[in-house]
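Q: build me a model:
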Amino acid sequence: MDMASTEVPGPVVVPGFDTGRTQAIAGAASPGGGTSAGLGRLAAPKVLAGARVEWGTLGLMVGCYAVWAAGLWLLWPVAPVLAVIVTAVALGFHSSLTHEALHGHPFRSEVANELTVAAALAVVFPYRRYRDQHLAHHNDPLLTDPYDDPESNFLDPDKWAVMPRWKQVLFQWNNTLLGRIVIGPWIGTAMFLQGDWRLIRAGDRTVIQAWLLHIPAMILVLGLVALSPMPFWAYGLAIWAGLGLMKIRTYLEHRAHEKHRARTAIVEDRGPLAWLFLYNNLHVVHHQHPAVPWYQLPALYERSGERYRGMNEAYVYRSYGEVFRRYLVRAKDSVPHPLWRSR
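A: Numbering: from 1, shown residues only. Presented below is the predicted three-dimensional model:
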């Protein structure tokens with residue numbers, strides 16, 4: 001596959017994408033911006049330059065934990081179905097807040113940010129593993145790469161060709177929005193755990209450390225659930241539903257395209273889902289300015305929307321209603337990467 005963009009200088013991706021995997025993590029993590037070099041990047045505004053705490057984001061974190069606790073302790077005894085729904089929304093919102101934390105919010109301190117979201121509400125995902133994989137994902141020239149983009153949903157066509165038919169059917173259903181919501185959490189979790197187990201067996205110290213730090217957080221959350229009126233099976237349903245909610249956001253964030261600047265979507269929604277996702281639906285804006293906090297993304301898009309739409313070559317949806325109408329039971333993409341050239 002040759003998805004290298006020749007219209008800009010910067011990191012060049014050779015056919016096959018064998019570029020020294022995820023070597024641009026440090027660039028993605030830097031406070032100044034992302035990794036799409038030479039695109040005429042819009043200048044990011046100064047973000048609370050004199051402040052040490054983004055109080056709005058911190059308040060949302062406190063509120064998220066309060067809603068989560070209310071679902072477990074207050075709602076379950078009187079309205080079990082509502083309790084599961086509310087807990088699921090809190091779990092999904094916690095994922096959005098975790099995304100903010102790894103990008104440097106609400107504190108300047110990386111340790112402080114980690115502590116605010118380290119409680120493993122969804123149980124199975126260590127914060128540091130999510131952080132490292134997501135920052136690797138911000139290496140824009142590698143977006144959608146089946147190997148080097150940790151958040152890609154595309155597969156190598158050669159591997160797809162030899163995959164058992166039942167598994168192909170499963171992955172094809174997963175490429176519809178309904179499938180991504182229903183079975184996507186199971187497939188994503190299984191693939192993540194399988195990959196991390198391989199790394200642990202290979203002695204990867206970074207992965208081992210992430211899991212060792214995660215275990216106390218996981219025990220804390222499960223201990224609190226055990227003390228609450230909500231049974232574990234109901235909390236499991238809430239985890240499933242919460243992860244499914246977040247799959248709505250990630251479903252079409254990126255597409256296969258020869259130009260890496262055109263791979264990232266914009267969903268111009270301003271409703272409840274946009275709030276739940278902390279405006280990460282304006283995804284190309286986030287990829288251009290990964291250090292900008294969630295509450296500044298809409299203003300950036302309103303001010304320079306035409307440039308962003310030109311940058312991603314009109315990969316734009318008006319709302320999540322449009323996304324549901326078009327893709328609820330119909331796949332947007334093929335499972336094998338349509339532009340992939342075998343290594």
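Q: for Pro336, give me phi and psi.
A: The phi and psi torsions at Pro336 (degrees, to the nearest 10) take the values phi -70, psi 140.
Q: residues contacting it?
A: With contact taken as CB atoms under 8 Å, 6 or more residues apart in numbering, Pro336 is in contact with 154-157, 160-161. Backbone N, C-alpha and C define where each C-beta goes, glycine included.
Q: between these, which has the most around it?
A: Counting neighbours by other CB atoms under 10 Å, the top entry in these is Phe154, with 24 neighbours.
Q: isn't it up against Leu339?
A: No: applying CB atoms under 8 Å, one finds Phe154 not in contact with Leu339, separated by 9.1 Å.
Q: now for those two: what residues contact both?
A: Here Phe154 and Leu339 have Ala256 as joint contacts, going by CB under 8 Å, 6+ apart.
Q: where do the helices sit along the stretch 151-300 of the chain?
A: For the stretch 151-300 of the chain, the helices defined by DSSP state H, counting those that start in this stretch occupy 157-161, 165-174, 177-182, 184-201, 205-227, 232-250, 272-276, 283-288, 297-311.
Q: tell me the most buried of those?
A: Of all the helices of the stretch 151-300 of the chain, helix 283-288 carries the top mean neighbour count, a mean of 25, counting by mean count of other CB atoms under 10 Å.
Q: elements contacting it?
A: Identification of packing neighbours for helix 283-288 by 3 or more CB pairs under 8 Å, 6 or more residues apart in numbering; DSSP states H and E yields strand 266-267, helix 297-311.
Q: give me the contacts around the shortest one.
A: It refers to strand 266-267. Identification of contacts with strand 266-267 by CB under 8 Å, 6+ apart yields 252, 274, 281-285, 301, 308-309, 312, 315-320, 323.
Q: picking up where we left off before, in CSV: the helices of the stretch 151-300 of the chain, plus mean pLDDT.
A: Shown next, in CSV, are those (pLDDT from 0 to 100):
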stretch, mean pLDDT
helix 157-161, 96
helix 165-174, 97
helix 177-182, 98
helix 184-201, 97
helix 205-227, 97
helix 232-250, 98
helix 272-276, 98
helix 283-288, 97
helix 297-311, 97
